[in-house]
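Undergrad: Dropping a prediction and its sequence here:
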Amino acid sequence: MFVVTGVTGNTGSVVAQTLLDAGKKVRVLVRNTEKGQPWQDKGAEVVVADLFDQAALTDALNGAEAAYLMLPPDVTHTDFLQSRFDIADNLVTAAQEAGLAHVVYLSSVGAHHAPTQTTGPIRTLAYLEERLNATELKTTALRPGYFLENWGAVLHPIIHDHILPSFLSPLDKKIDMVATQDIGEKAAALLLTPPAGQKNVIELKGAAQYSAADVAQAFSKALKADITPISVPREAQVQALIDAGISTNVADLLVEMYENINNDFIHFTQDEAARGQVTLDAMVEKLLA
């Protein structure tokens, strides 16, 4: 039996569905019974557990052979780092006490840097990696690149103003962008066929590299309109994020992350990283549907 966290999000839902489709027994962790009902209808066992409750997490993981673990984002939190560190501690302790044979967990490109480095929210994933690497558990860190779905946050100006605001700079800088569908499918594959090693790191790039200019061109094609990519100046980024409902604390971290994507401090470390299949054009079509 496999335990899956984050099933109400993008990657966890794909992991759980892929495992169910493979005929596996799946237990999903949710915050309330209402969120678990769709998964119960699909045949999964549903457990309500708070990620800040370590004892409840241990109970939820007991009896499982492996689990997909992740730190859920909370972009409104006023102390994002410490809150995610606390969840990481709970997940690690619970996994140890449950004696899991294998833990696959969502990390990120750039998580090879220490949690004290300037990688924004990725610091929390570096911390999770450090904590799990210090255990005797068999673990696999899945480090994907920039999420293609992130462009969904600027759909309104794309559609209504025909501009694509971008924190990625310069606008023609190409980076690996990967879809959460690919991430979830890869995580499920790692659970079904674990790597041989005790401590594994799997980096996941996208189907291709894209720039903000490429993204604008893809939307132009799909909308049959000229979409102009616009660089958001660094000094305007925090306020833009706050205006979107993100806490000042998280906004500062996101700006830090983008700065270090742009200067290549956040980068892949494996020459032969795995690749996803979902293309930019396919993602644009999905976002506009």
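TA: The structure has been received and is ready for your questions.

Undergrad: doesn't residue 106 make contact with residue 142?
TA: Yes - under the criterion of Cβ atoms under 8 Å, residue 142 makes contact with residue 106 at 5.8 Å. Quick note: C-beta positions are derived from backbone N, CA and C, even for glycine.

Undergrad: Comparing those two, which shows the higher neighbour count?
TA: residue 106 (26 against 23; other Cβ atoms under 10 Å).

Undergrad: Count the neighbours of the residue lying closest to that one once chain neighbours are set aside for me.
TA: Of all residues not flanking residue 106 in the chain, residue 70 sits nearest, at 4.0 Å (Cβ to Cβ, 6 or more residues apart in numbering). Applying other Cβ under 10 Å, we find 23 residues neighbouring residue 70.

Undergrad: show me what contacts residue 208?
TA: 279, 280 (Cβ atoms under 8 Å, 6 or more residues apart in numbering).

Undergrad: sorry, back to before: now the residue nearest to residue 106: how far from residue 241?
TA: According to Cβ to Cβ, to the nearest Å, residue 70 and residue 241 sit 22 Å apart.

Undergrad: coming back round to it: list residues touching both of residue 142 and residue 106?
TA: 183, 187.

Undergrad: Run a quick neighbour tally on the residue nearest to residue 22 when sequence neighbours are not counted.
TA: Leaving aside its chain neighbours, residue 22 sits nearest to residue 192 (6.4 Å; criterion: Cβ to Cβ, 6+ apart). Neighbours of residue 192 under the rule other Cβ under 10 Å: 14.

Undergrad: Excluding sequence neighbours, find me the nearest residue to residue 32.
TA: Spatial nearest neighbour of residue 32, excluding adjacent residues (Cβ to Cβ, 6+ apart): residue 48 at 6.1 Å.

Undergrad: pretty sure that neighbour contacts residue 28?
TA: No - at 10.0 Å, residue 48 does not count as touching residue 28 under the criterion of Cβ under 8 Å.

Undergrad: between those two, which one's more packed in?
TA: residue 28 (30 against 15).

Undergrad: That one falls within a strand, correct?
TA: Yes - under DSSP: H, G, I helix; E, B strand; the rest coil, residue 28 falls within a strand.

Undergrad: Could you check the pLDDT of it?
TA: Looking at residue 28, its pLDDT is 98.
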